[in-house]
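Participant: only geometry, no sequence info:
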C-alpha cells in the first residue's frame, strides 16, 4: 500500500503522520519517518505535504492547545477487537483517563484487560486515537510505545489545557 507522510516539530519533539491517497489518516508516530515506517511494515511511504496538510494542521492545533478533538477520516487496519478498542479510545475525553479494566468492561469483556492493553499497544495512530489516556488500575502509566515520560507529558499537557478552558 502506498501512503504519504509528513514530519514536523511539536513541543514534544518530531512527529510524523501518514495518510492514504484520499487523505485518510493511516498512522502517526513520535519521531521521524523511520519511526512511522516501523508502524507500517508492509507499506511504502512517500513524502507529500499536499495530502497531509489537514491532519498536520489539526495536530499542530492540538499541540498548541487550541484543539481537543480531531475531525479526520481514519484508515486504521486491525482486527475487529482492535477496532473496537480503538473506537473506545476515541470516546475518552480530552484530559481524562481510563484504565484497561474500565475499557474491557465497557466493551463487554470485563476479564480482557490484558487484551485491551495489547490492542492499545498496537494503535497505529497515537494522539489522534488517544492511547496515552489509558493507565493501569493502580494509576501507573504502564505502556506507551513512545515511553512513559512522553505519556506523562501528554497527560500533564491535557490536564493543564483542560484547567485553562474551565
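Facilitator: Thanks, I have the structure now. The model shown is predicted, which means the values in this text are computed figures rather than measured ones.

Participant: For the rest of this, base every contact and every neighbour count on C-alpha atoms.
Facilitator: Fine.

Participant: what residues are up against residue 24?
Facilitator: Residues near residue 24 by Cα atoms under 8 Å, 6 or more residues apart in numbering: 72, 73, 74, 75.

Participant: What pLDDT does the model give the residue most central in space within the chain?
Facilitator: Central residue of the chain (Cα atoms, centre = their mean): residue 126, 1.7 Å from the mean position. As predicted, residue 126 sits at a pLDDT of 96.

Participant: circling back to that earlier point, I would like a ChimeraX command selecting only the buried ones among the contacts of residue 24, please.
Facilitator: Buried residues among the contacts of residue 24 (16 or more other Cα atoms under 10 Å), as a ChimeraX selection:
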select :74,75
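
Participant: Out of the contacts of residue 24, which comes closest to residue 131?
Facilitator: residue 74 (15.3 Å; Cα to Cα).

Participant: Quick check: beta-bridge partners of that closest one?
Facilitator: Beta bridges link residue 74 to residue 25 when assigned by DSSP bridges.

Participant: tell me, which helix in the protein spans the most residues?
Facilitator: Taking DSSP state H as the criterion, the chain has its longest helix at helix 148-165.

Participant: Contacts made by that helix with the rest, please.
Facilitator: Against helix 148-165 from outside (Cα under 8 Å, 6+ apart): 12, 65, 94, 95, 96, 132, 133, 141, 142, 144.

Participant: Mind giving me the PyMOL select for those, buried ones only?
Facilitator: Those of these that count as buried under 16+ other Cα under 10 Å are selected in PyMOL with:
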select buried, resi 65+94+95+132+133+141+142+144
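
Participant: Dump the contacts of helix 148-165 to a markdown table, plus pLDDT and secondary structure.
Facilitator: Below are these laid out as a markdown table (pLDDT from 0 to 100; DSSP: H, G, I helix; E, B strand; the rest coil):
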| residue | pLDDT | secondary structure |
| --- | --- | --- |
| 12 | 96 | coil |
| 65 | 93 | coil |
| 94 | 96 | coil |
| 95 | 94 | coil |
| 96 | 95 | coil |
| 132 | 96 | helix |
| 133 | 97 | helix |
| 141 | 86 | coil |
| 142 | 83 | coil |
| 144 | 84 | coil |
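
Participant: from the contacts of helix 148-165, which two are the most distant?
Facilitator: Greatest spacing in the contacts of helix 148-165, by Cα to Cα: 65 and 142 (24.7 Å).
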